[in-house]
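In: kindly generate the corresponding structure for this input.
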Amino acid sequence: MPNVSTLLEGAAGRHPDRPAVRYGEQRLTYAALDERASRFGSALLARGLRPGDAVALFAKNRAEYVVAMFGAFKAGLTIVPVNAKLAGAELEVILRDSAARALVYDAGSAETAAQAVAAAPVEVVVRTGDAFEALLAEGDPSMASADVGDDAVAWLFYTSGTTGRPKGAELTHRNLLAMTWLELCDICDFRADDIVLHVAPLSHGSGLYMLGAIARAAENLIYDRASFDPADVIGLIERERVTVIGFLAPTMIVMLLDADPDATLPSVRRAVYGGAPISRTHAERMVERFGTRFVQIYGQGETPMTITFLDLAAESAVDAEVLSSAGIPHPGVEVRLLGPDDQLVEDGREGEICVRGDTVMRGYRGNPGATAETLRGGWLHTGDIGRFDDAGRLLLLDRSKDVIISGGTNIYPREVEEALMKHPAVAEVVVFGEPDELWGESVTAVVVAGPGEPPSERDLIWFCKEHLASFKKPKRVMFVEQLPRNATGKVLRGAIKDRLRAAVGEAGS
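Out: Sure, this is the predicted structure:
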């Protein structure tokens, strides 16, 4: 099975002097990127790591991230890209579950990384900057890509389940290469003269879709600001004449639309968006301003970026029905809608979206029970509910797993509930998502207070910040005397949402 890193080796062989990565003042040609990747991978092997071992990447977007990613691939190691916003306890869980033997972190993550490593020892810990350069100096600049087996894991993608316990989706070299071919065929035909802007985290969609850009020797411009500034991004696109935007969450599109009413981004020929549903209102604004250059993807960590796609430029008419859909399945990716009995539903009926193909994960690391349940019958059961329209487009109707998607990032109710339950004044809590015009969804907690002095909304929100990444904290906390339950004692989440909507409606009337 070809190693994913051969995409970089091929580009470096054809275009050694072309710019590969640009981050602030740092410039790497394809030859330099390939050499540094070889040094990184070989240095880790020299320090005792073996093919298949996990290397955690806990840093914001930067040039070293790309070097470490391809260096690990070259050495036959498995990368574990971790959301740089996670708290120390969350990072610790991932380090333990993945059995990571190496960790790369940046200055902004130093305190969190130290907290996690103290509880989950990692053998090789490297900070970007001087320590990273010292590690590269130990490596072999000419190391070629390692041979990998059909089931060799390249990328371990952590996605929490409804139980709140994170699960590592094992993505093989075969999975990533299959994803890349579909990306090049259906999403963006990258060219060697493209300038590809990466503003979303490389730990998620932007890093995955960088593989196609590298394969075609495009220039990858990595946004070097601490956070997404829409006016600054527009200025950067115009100055650098960016031709492709690697990945955008719908929230970022809304910010771009609101930042400058006159900006049309004429140099951009393709922009990819996904990670969360976009409202039809915002989609209509997007098309009115930017035309049909944007393409939407629907996927999940277990089958990265590749369930369906909506190429607006390929539609004969971009109307409300088209903009409400998630597009059509990729060629070679089978998508079926199955009922509760795992039987195919009738045409036009809704069912659970299930997927089969070369992009589907090998399984969850160290979790055979969850693997068997999710991949039962040879199909990936996504937990999402949908139906197909008459044109064969997939319509997403609901998420049976209760996941909250805020700003394109998954937040799982159970982990927020568990954090709140650590507060001594909280007796019970239910967390769910509410529609949010900007973020798609925001986190709301409904709390039953225990005996004694009741907590305030502000207290509980700040309490969450001490135990979770800040973006997971509730935006709103509401207090009730008791939670509705069915006859077996199960909390009725739907009834809570209905009561809340009714209360909001009465307050606004």
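In: what's the local residue count around Arg376?
Out: As a burial measure, Arg376 scores 12 neighbours (other Cβ atoms under 10 Å). All C-beta atoms are positioned from the backbone trio N, CA, C, and that covers glycine.
In: from memory it sits against Asp342, does it?
Out: Yes: at 7.0 Å, Arg376 counts as touching Asp342 under the criterion of Cβ atoms under 8 Å.
In: how far off centre is stretch 226-244?
Out: Remark: stretch 226-244 is offset 21 Å from the chain centroid, using Cα atoms, centre = their mean, to the nearest Å.
In: for the closest residue to Gly357 other than its chain neighbours, give me phi and psi.
Out: Among residues not flanking Gly357 along the chain, Val333 sits closest, at 4.1 Å (Cβ to Cβ, 6 or more residues apart in numbering). Here is the backbone geometry of Val333 (degrees, to the nearest 10): phi -110, psi 120.
In: quick one, what contacts the residue most central in space within the chain?
Out: For the chain, the residue nearest the mean C-alpha position is His204 (3.5 Å; Cα atoms, centre = their mean). Counting by Cβ atoms under 8 Å, 6 or more residues apart in numbering, His204 makes contact with Pro81, Asn83, Phe247, Gly275.
In: would you turn those into CSV with neighbour count, pLDDT and distance to Ala263?
Out: Shown next, in CSV, are these (neighbours: other Cβ atoms under 10 Å; pLDDT from 0 to 100; distance: Cβ to Cβ, whole Å):
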residue, neighbour count, pLDDT, distance to Ala263
Pro81, 23, 97, 31
Asn83, 17, 91, 29
Phe247, 27, 94, 19
Gly275, 27, 81, 22
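In: make JSON lines from the residues you listed and add secondary structure to it.
Out: JSON lines is the format used below for the contacts of His204 (DSSP: H, G, I helix; E, B strand; the rest coil):
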{"residue": "Pro81", "secondary structure": "strand"}
{"residue": "Asn83", "secondary structure": "coil"}
{"residue": "Phe247", "secondary structure": "strand"}
{"residue": "Gly275", "secondary structure": "coil"}
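In: okay, now the unreliable bits of the stretch 401-509 of the chain?
Out: Scanning the stretch 401-509 of the chain for pLDDT under 70 picks out the ranges 401, 486-490, 500-509.
In: and the strands in it, which stretches?
Out: 404-406, 409-411, 426-436, 440-449, 476-479 (DSSP state E, counting those that start in this stretch).
In: so which of those is nearest Leu49?
Out: For Leu49, the closest of these is strand 409-411, at 29.5 Å, according to Cβ to Cβ.
In: what's the local residue count around Gly76?
Out: Quick note: Gly76 (other Cβ under 10 Å) scores 24 neighbours.
In: for Ala43, same thing?
Out: The burial count for Ala43: 23, using other Cβ under 10 Å.
In: what stretches of the protein score poorly on pLDDT?
Out: Low-confidence segments of the chain, defined by pLDDT under 70: 160-164, 398-401, 486-490, 500-509.
In: tell me the spacing between the most far-flung residue of it relative to its centre and Ala427.
Out: In the chain, Gly452 marks the outermost C-alpha relative to the chain mean, sitting 41.2 Å out by Cα atoms, centre = their mean. Separation of Gly452 from Ala427 (Cβ to Cβ, to the nearest Å): 10 Å.
In: state the number of residues packed around the closest residue to Val242 other than its chain neighbours.
Out: Nearest residue to Val242 in three dimensions, chain neighbours excluded: Leu197, at 4.5 Å (Cβ to Cβ, 6+ apart). Residues near Leu197, counting by other Cβ under 10 Å, number 25.
In: which other helices and strands contact the host helix or strand of Leu197?
Out: Secondary structure assignment for Leu197, by DSSP states H and E: strand 195-198. With contacts taken as 3 or more Cβ pairs under 8 Å, 6 or more residues apart in numbering; DSSP states H and E, strand 195-198 sits against helix 205-215, strand 219-222, helix 230-240, strand 244-248.
In: figure out which of these is closest to Gly494.
Out: Closest to Gly494 of the helices and strands packed on strand 195-198 is helix 205-215 (Cβ to Cβ; 30.5 Å).
In: for Leu257, what are its contacts?
Out: Taking Cβ under 8 Å, 6+ apart as the test, what Leu257 contacts is His282, Arg285, Met286, Arg289.
In: on the three-state scheme, it is what?
Out: helix.
In: wait, which of the contacts of Leu257 is closest to Leu468?
Out: His282 (27.7 Å).
In: circling back to that earlier point, would you list the contacts of Leu257 in a markdown table and tack on distance to Asp258 and secondary structure?
Out: Converted to a markdown table, those look like this (distance: Cβ to Cβ, whole Å; DSSP: H, G, I helix; E, B strand; the rest coil):
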| residue | distance to Asp258 | secondary structure |
| --- | --- | --- |
| His282 | 10 | helix |
| Arg285 | 9 | helix |
| Met286 | 12 | helix |
| Arg289 | 11 | helix |
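In: pretty sure Val55 belongs to a helix, no?
Out: No: applying three-state DSSP, one finds Val55 to be strand, outside a helix.
In: and it, how many neighbours?
Out: The number of residues near Val55, taken as other Cβ under 10 Å, comes to 29.
In: domain map for the protein?
Out: Here the domain parsing of the chain from automatic domain parsing is 6-388, 404-508.
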